[in-house]
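Engineer: What shape does this take:
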Amino acid sequence: MKSTLNKTNDVNGTIVIELEKEDYQEKVEKSLNQYRQRANIPGFRQGKVPKNVIRKMYGKAVLVDEINKLISDELGNFIRENKVKILGEPIADNSEEKQVDLEKEENMTFYFDVALTPEFELPLDKNTELTWYNVQLEADLLDKQMNAYRQNYGTYASVEEEAKDTDLIKGTLTEMVGEKAKEEGQVIENAILMPSYVKDETVKNRFIGAKVGDSVLFNPMTAYDNNKAEVASLLQTTQDHVTDITPDFRFEIKEVTRYQEAEMNQKLFDKVLGEGMAATEEEFRQKVEVELTRQFKPGADHLFIHQAKSLIVEKMQDVVFPDAFLKRWLLETSKERTAEQLEEDYPKILEDLKFHIAKQKIVEENELKVEYQDIEALAAEVAKAQFAQYGMTNLPADMLQNYTKSLLEKEETVQNLVERATENKVIEWLKANVTVVEKEISSKDFNDLMNKHADVHNEEAHEEAVVEETSKEETEE
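Structural biologist: Down below sits the predicted model:
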């Protein structure tokens, strides 16, 4: 078997694979013998079917199958071993003069058109300027976060005052008949009620202003507007046991508890940041501000790399690409896309493709390697960010470690992390090799900027997905 690359020009070529009979004959005979062993044909014992019968029945299908396997493996190996940088995937030349007749030919030649990644220079140095947004947190946002921590880490505490609508009222619920407790009726010793959830205003007002030692007589179905789920919760039973006609109950108030925000003290500092991470309120505020500001970094990175994309695409405007091949390949691999749609979409597809191979050039020429520890560290950041969305900022180390481990067990997640880590390496390289103009911006203005950018980015999202496919050679090398 012999394979060669014939270049039509700098960005187009044909891989020619010449196959001789000895390249495939042994594999074909082996497959036919396996068919013979398994064949169950009337008139013959299993494994004793004459080989010429098996050849007549399965010979052509086996030949096609084995040749396809050989050609597919050879094509991939040739591209990898010769480090042929292609865009998209090879496309078989099915023109009439290149057709193979399996029944007449023993030596065969196969042709595959390929798009070659163009060679180009990418002048990026200190004469190149890129803007980096340094996000400044507004004081009122920090104050809101402080209040949120106090609210989130607050607790209920008993009060001797009259109950408010948001207090938790605890006591004993007793089923009544008139003004007397029903014999063998229901008694709920640890009943809990919050007036603000009571639907009936008359019943609600009986609890607001009540205090420990008071009793309130009411009908649960009336109180909760015939909502069986809420009545069942109050009576600590299931909805099946709640009838349409529910008796009155007497609520003997044993305790009134009121939610109190956490104090700004060491206990709160430890809960939010971890034990001993801050000793004073000033230090606590400073560290929270740093953490909040850090949350803007992914967005700042995102704007930075997209600005770099615009600049790089402009620098590559004269680089010649195999447009005809790429359009042909995109149409063949996306049956839903019409030729008209492709012509409309292609300029953006080409921009994304240019940026993708430019990033790959930066990675290869500067030996920017992504190590496993980079993936682990990024997975831990992702895990922390996900929990932080729910206000869980001080996770136990083992909990964070276990969640990070679960992320690294998912192949798709790992691939996404590799891509992000690679882009982070490119961002670091750019910051070190171009002139970075730092621009301070308020967090409010930055969020507005990100929202405007997202509108454009969402329009291009489907194109970026296509570009991942058009640079398959990077994953094959």
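Engineer: Could you use CA atoms for every contact and neighbour count after this?
Structural biologist: Fine.
Engineer: For Gly185, give its distance to Asp244.
Structural biologist: 17 Å (CA to CA, to the nearest Å).
Engineer: got it, and Asn447?
Structural biologist: Applying CA to CA to Asn447 and Asp244 gives a distance of 52 Å.
Engineer: One more: Gly76?
Structural biologist: Remark: distance between Gly76 and Asp244 (CA to CA) = 73 Å.
Engineer: Between these two, point out the one with more neighbours.
Structural biologist: Between Gly76 and Asp244, counted using other CA atoms under 10 Å, Gly76 has the larger neighbour count: 14 against 10.
Engineer: The more buried one: helix or strand, and which one exactly?
Structural biologist: helix 51-81 (DSSP states H and E).
Engineer: report the angle between the axes of the helix or strand just after that helix and helix 51-81?
Structural biologist: The helix or strand immediately downstream of helix 51-81 is strand 86-92, counting by DSSP H and E. Inter-element angle recorded for strand 86-92 and helix 51-81: 160 degrees (by axes from the mean of the first three to the mean of the last three CA atoms, to 10 degrees).
Engineer: What is the top strand by length along the chain packed up against?
Structural biologist: Identified as the longest strand of the chain according to DSSP state E is strand 249-260. Contact partners of strand 249-260 among helices and strands, from 3 or more CA pairs under 8 Å, 6 or more residues apart in numbering; DSSP states H and E: strand 155-158, strand 168-177, strand 215-218.
Engineer: now the next helix or strand after the longest one, how far from the chain's geometric center?
Structural biologist: What it means is strand 168-177. Counting by DSSP H and E, the next helix or strand C-terminal to strand 168-177 is strand 180-181. Strand 180-181 has its average C-alpha position 60 Å from the chain's average C-alpha position, going by CA atoms, centre = their mean, to the nearest Å.
Engineer: I'd like the mean pLDDT over strand 180-181, please.
Structural biologist: For strand 180-181, mean pLDDT is 94.
Engineer: The following helix or strand past that strand vs strand 249-260, what angle?
Structural biologist: Scanning forward in sequence from strand 180-181 by DSSP H and E, the next helix or strand is strand 187-193. Between strand 187-193 and strand 249-260, the angle comes out at 40 degrees (the same axes, to 10 degrees).
Engineer: Return the list of helices and strands in contact with strand 187-193.
Structural biologist: Using 3+ CA pairs under 8 Å, 6+ apart, strand 187-193 sits against strand 168-177, helix 228-234.
Engineer: closest one to Asp200 among those?
Structural biologist: The closest of those to Asp200 is helix 228-234. By CA to CA, the value is 12.9 Å.
Engineer: Now that closest one: buried residues?
Structural biologist: Neighbour-count burial for helix 228-234 flags Lys228, Glu230, Val231, Ala232, Leu234 (criterion: 16 or more other CA atoms under 10 Å).
Engineer: What of stretch 106-115?
Structural biologist: Met108, Thr109, Phe110, Tyr111, Phe112, Asp113, Val114, Ala115.
Engineer: before we move on, what about stretch 215-226?
Structural biologist: Going by 16+ other CA under 10 Å, stretch 215-226 has these buried residues: Ser215, Leu217, Phe218, Asn219, Pro220, Met221, Thr222, Ala223, Tyr224, Asn226.
Engineer: average model confidence for it?
Structural biologist: Stretch 215-226 shows a mean pLDDT of 95.
Engineer: can you pull out the helices in the stretch 351-477 of the chain?
Structural biologist: With DSSP state H, counting those that start in this stretch as the criterion, the stretch 351-477 of the chain has helices at 372-388, 397-407, 411-433, 443-470, 473-476.
Engineer: Now the terminal residues of stretch 90-100, how far apart.
Structural biologist: Across stretch 90-100, the terminal residues are separated by 18 Å (CA to CA).
Engineer: Ile86: which of the buried residues of stretch 106-115 is nearest?
Structural biologist: The closest of the buried residues of stretch 106-115 to Ile86 turns out to be Ala115 (CA to CA; 5.4 Å).
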